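A.B. asks: Quick one, fold the following:
(2 chains)
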2 protein chains.
Amino acid sequence: MSFSLAESVLQGNRLALARLLTHVENGTPEGLEALNQLFPFTGKAHLIGVTGAPGTGKSSLVNQLVYALRHPEEGQKPSQVAVVAVDPSSPFSGGAILGDRVRMRDLAGDAGVFIRSTASRGALGGLAASTANLVQVFDAAGFEMIFIETVGAGQAEVEIARLAHTVIVVEAPGLGDEIQAIKAGILEIADIIVLNKADRPLADNAERALRMMLEMAVNREKSPSEDGKLIQGWTPLLLRTIATEGKGVREVCQAIQEHRCYLQSSGEWERREQVRLQAELENRLQAALMKRLKEAIPAETYRNILNEMVLRRLSPYQALEILLDGVKQ
Amino acid sequence: MSFSLAESVLQGNRLALARLLTHVENGTPEGLEALNQLFPFTGKAHLIGVTGAPGTGKSSLVNQLVYALRHPEEGQKPSQVAVVAVDPSSPFSGGAILGDRVRMRDLAGDAGVFIRSTASRGALGGLAASTANLVQVFDAAGFEMIFIETVGAGQAEVEIARLAHTVIVVEAPGLGDEIQAIKAGILEIADIIVLNKADRPLADNAERALRMMLEMAVNREKSPSEDGKLIQGWTPLLLRTIATEGKGVREVCQAIQEHRCYLQSSGEWERREQVRLQAELENRLQAALMKRLKEAIPAETYRNILNEMVLRRLSPYQALEILLDGVKQ
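C.D. replies: Below you'll find the predicted structure:
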């Protein structure tokens, strides 16, 4: 008796899982078919996005979180945990810089953990879609918590973080003013803020600055809703860690559980699922529409139009109109 | 006698320029019309992308470069310089964090300089397209050098850097291992690498590491071409600066000029123009196709399909096929 790749993954076959992840990353027909088969089994995992500027120690923190979740306090069940480490900084090499091999030595041989690095291939929308695919496979395979870890803190990372139910933003003391500026934007998507490297000088200053920014953000949101009642939302938690020493890591695990309880009791879980799936659908639509356009317009026509642009005889908008007319029919 | 906005801009009217930039950023019909009118006058400016991780001192460096270009050595003509400072880190606030006001006090009142901050609005493709529009306006308005400065070093920034003829990647010593990893990807697009904050400890180490990475990259490219001849390309220059003190800044200006000469003598200028305009066209196509799709599919149909996805009755791929069938006709 033989099983399809999707069936083997559902049965917990780890080798099949690894093979399917590669199929899915490469966009093979087998991968696509398996994704369709697996989709009905998704929607159970808690997706946790981890983002933050380079140098904040995101990877160490995620490693420690996974270790803590695999070794909970007595009486608690360890969760099955997957990590998708996304590296959008290397669109050219095609290879993942964060080697799976060098990470998580303490977790080697633990069948309840699976770590996968993925590098950017092609367009940004493509990266988000490809990450969503990998996450779906892990979800269907029964992983209860899936960390989506990104390398940087740019918009690409923010888009990826949107795939998650819970967003953790990692900060560190003393990264300079420019980082400070970035916080203002990224804090708006944070459910949990972790001030890592909390043993560094200036950690207290950094915490104070973060608390101030948080208070401003919270006050802004606490305006009365249309029917006059105050909206009771989630106030982002601020926690300090020294990930390299494992300090404060259990508290972050607790915060993740708290946020999950909040999401499920408030109806926010369903809302985020909807936003998440809508974003996913739009990413895929965009890619598919471009592909269709390229197929509909002869390469020579496309080249000629481009050439007219280079010669400044057609503006980009005029070129656009011609091309769109060509596929309207 | 009255002039159109585009005509006033071509005549050097700075107030009209400021107004048009706002129109273009907001995508108004006036802005669109002016862009079409101005496009034949573009293609003369030297576009210089400046990217690098947060904390490397990009803004200070750009400020100093602009100052140096406005105050050249005796016998040289000062260039008209524009700066478009792109901030993709704040997709939520809508406002630019890098205030134009706090920047470039030394340049206040200099009519040969124009600085414009722009924040991310909507999708990533949108940001690149919007930046391209602002650059076109400056180009037509007669600015000879246009710096496109980004806040971060993620893929969004890389896409924006692709708008440029010359790409400067700014580095700084001691930013941690994760930054080191990012370099590997970003170095591949660099024409000029600036090691800023070169008075910091570990600057020599950082320079050595950068030189090694550069040598590896150059050796990889020096493979014989198809007809057996070695391709003679541009070897990225590595320069040290202390931007806050203005040290090394003139040398960077010289490197920019050298790269321009290389581009123009090698035919690479035209090639980059073509790549640039093609990327621009594709960004716009993608946005326009999505808009058209949204108009073609009733909002209720879209909502129903999304709901079927949330209920796991349709996979994202199946949803995609239904939506695409709907616009095929």
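A.B. asks: residue boundaries of the helices in chain A?
C.D. replies: Under the criterion DSSP state H, chain A contains helices at A:5-10, A:14-26, A:29-38, A:58-70, A:124-140, A:155-161, A:177-186, A:203-221, A:249-266, A:268-296, A:299-310, A:316-328.
A.B. asks: tell me the domain boundaries of chain A?
C.D. replies: A:42-286, A:297-328 (automatic domain parsing).
A.B. asks: Go through the last one and flag the buried ones.
C.D. replies: Right, domain A:297-328. For domain A:297-328, the buried set under the neighbour-count rule, 16 or more other Cβ atoms under 10 Å in any protein chain shown, comprises A:297, A:302, A:305-306, A:308-309, A:314-317, A:319-320, A:323-324, A:327. For every residue, glycine as well, the C-beta is placed using N, CA and C.
A.B. asks: Next, give me the two most distant ones among those residues.
C.D. replies: Comparing all pairs in the buried residues of domain A:297-328 by Cβ to Cβ, the longest separation belongs to A:Ser315 and A:Val327, at 19.5 Å.
A.B. asks: I'd assumed A:Gly246 was in contact with A:Gln64.
C.D. replies: Yes: counting by Cβ atoms under 8 Å, A:Gly246 is a contact partner of A:Gln64 at 5.4 Å.
A.B. asks: Adding mean pLDDT and distance to chain B as columns, could you present the helices of chain A in JSON lines?
C.D. replies: Compiled in JSON lines, those are given as follows (pLDDT from 0 to 100; distance: least, Cβ to the nearest Cβ, whole Å):
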{"stretch": "helix A:5-10", "mean pLDDT": "95", "distance to chain B": "11"}
{"stretch": "helix A:14-26", "mean pLDDT": "91", "distance to chain B": "12"}
{"stretch": "helix A:29-38", "mean pLDDT": "92", "distance to chain B": "5"}
{"stretch": "helix A:58-70", "mean pLDDT": "91", "distance to chain B": "8"}
{"stretch": "helix A:124-140", "mean pLDDT": "81", "distance to chain B": "5"}
{"stretch": "helix A:155-161", "mean pLDDT": "65", "distance to chain B": "4"}
{"stretch": "helix A:177-186", "mean pLDDT": "50", "distance to chain B": "3"}
{"stretch": "helix A:203-221", "mean pLDDT": "75", "distance to chain B": "10"}
{"stretch": "helix A:249-266", "mean pLDDT": "96", "distance to chain B": "15"}
{"stretch": "helix A:268-296", "mean pLDDT": "84", "distance to chain B": "4"}
{"stretch": "helix A:299-310", "mean pLDDT": "91", "distance to chain B": "5"}
{"stretch": "helix A:316-328", "mean pLDDT": "83", "distance to chain B": "5"}
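A.B. asks: and B:Asn283, which of those is closest to it?
C.D. replies: Taking Cβ to Cβ as the criterion, helix A:316-328 is the member of these that comes nearest to B:Asn283, at 9.0 Å.
A.B. asks: chain center to that closest one, what's the gap?
C.D. replies: A distance of 34 Å separates the C-alpha centroid of helix A:316-328 from that of its chain, computed with Cα atoms, centre = their mean, to the nearest Å.
A.B. asks: hang on, the earlier thing: with respect to burial, which of the domains of chain A scores highest?
C.D. replies: Highest mean neighbour count of the domains of chain A: domain A:42-286, a mean of 19 (counted as mean count of other Cβ atoms under 10 Å in any protein chain shown).
A.B. asks: And that one, how far out from the chain middle?
C.D. replies: Going by Cα atoms, centre = their mean, the spacing between the C-alpha centre of domain A:42-286 and its chain's C-alpha centre is 7 Å.
A.B. asks: Give me the distance between the two termini of that domain.
C.D. replies: The first and last residues of domain A:42-286 sit 23 Å apart, counting by Cα to Cα, to the nearest Å.
A.B. asks: gap between the residue of the stretch 201-329 of chain A found nearest chain B and B:Asn36?
C.D. replies: For the stretch 201-329 of chain A and chain B, the shortest gap (Cβ to the nearest Cβ) falls at A:Ser315, measuring 3.6 Å. With the distance defined as Cβ to Cβ, to the nearest Å, A:Ser315 ends up 5 Å from B:Asn36.
A.B. asks: before we move on, what about A:Leu20?
C.D. replies: In this view, A:Leu20 and B:Asn36 are 49 Å apart by Cβ to Cβ.
A.B. asks: Next: A:Glu300.
C.D. replies: Applying Cβ to Cβ, the value for A:Glu300 to B:Asn36 is 25 Å.
A.B. asks: same thing with A:Cys261?
C.D. replies: Counting by Cβ to Cβ - A:Cys261 and B:Asn36 are separated by 55 Å.
A.B. asks: same question, A:Arg19
C.D. replies: Using Cβ to Cβ, A:Arg19 is found at 52 Å from B:Asn36.
A.B. asks: The two: who's more crowded?
C.D. replies: Taking A:Arg19 and B:Asn36 together and counting by other Cβ atoms under 10 Å in any protein chain shown, A:Arg19 has the greater number of neighbours (17 against 14).
A.B. asks: so what's that one up against?
C.D. replies: A:Arg19 makes contact with A:Leu5, according to Cβ atoms under 8 Å, 6 or more residues apart in numbering or on different chains.
A.B. asks: can you check A:Phe138 too?
C.D. replies: Contact analysis of A:Phe138 by Cβ under 8 Å, 6+ apart lists A:Ala45, A:Ala82, A:Val84, A:Phe114, A:Ile146.
A.B. asks: filter those residues down to the ones close to chain B.
C.D. replies: Intersecting the contacts of A:Phe138 with the surroundings of chain B, defined as Cβ under 8 Å from any Cβ of the partner chain, gives nothing.
A.B. asks: pLDDT added to these, as JSON lines?
C.D. replies: Rendered in JSON lines, the data for the contacts of A:Phe138 read as follows (pLDDT from 0 to 100):
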{"residue": "A:Ala45", "pLDDT": "96"}
{"residue": "A:Ala82", "pLDDT": "95"}
{"residue": "A:Val84", "pLDDT": "90"}
{"residue": "A:Phe114", "pLDDT": "91"}
{"residue": "A:Ile146", "pLDDT": "97"}
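A.B. asks: so which of the residues you listed comes closest to chain B?
C.D. replies: Distance to chain B across the contacts of A:Phe138 (Cβ to the nearest Cβ) is lowest for A:Ala45, with 12.8 Å.
A.B. asks: Against A:Val81, how distant is that closest one?
C.D. replies: 10 Å.
A.B. asks: Not counting sequence-adjacent ones, nearest residue to A:His71?
C.D. replies: Distance criterion Cβ to Cβ, 6 or more residues apart in numbering or on different chains; nearest residue to A:His71, sequence neighbours excluded, is A:Pro78 at 6.8 Å.
A.B. asks: pLDDT score for that neighbour?
C.D. replies: On pLDDT, A:Pro78 comes in at 92.
A.B. asks: got the contact list for it?
C.D. replies: A:Leu69, A:Arg70, A:His71, A:Pro72, A:Gly112.
A.B. asks: For the first one, which residues are in contact?
C.D. replies: Listed by Cβ under 8 Å, 6+ apart, the contact set of A:Leu69 reads A:Pro78, A:Ser79, A:Val81, A:Met145, A:Cys253.
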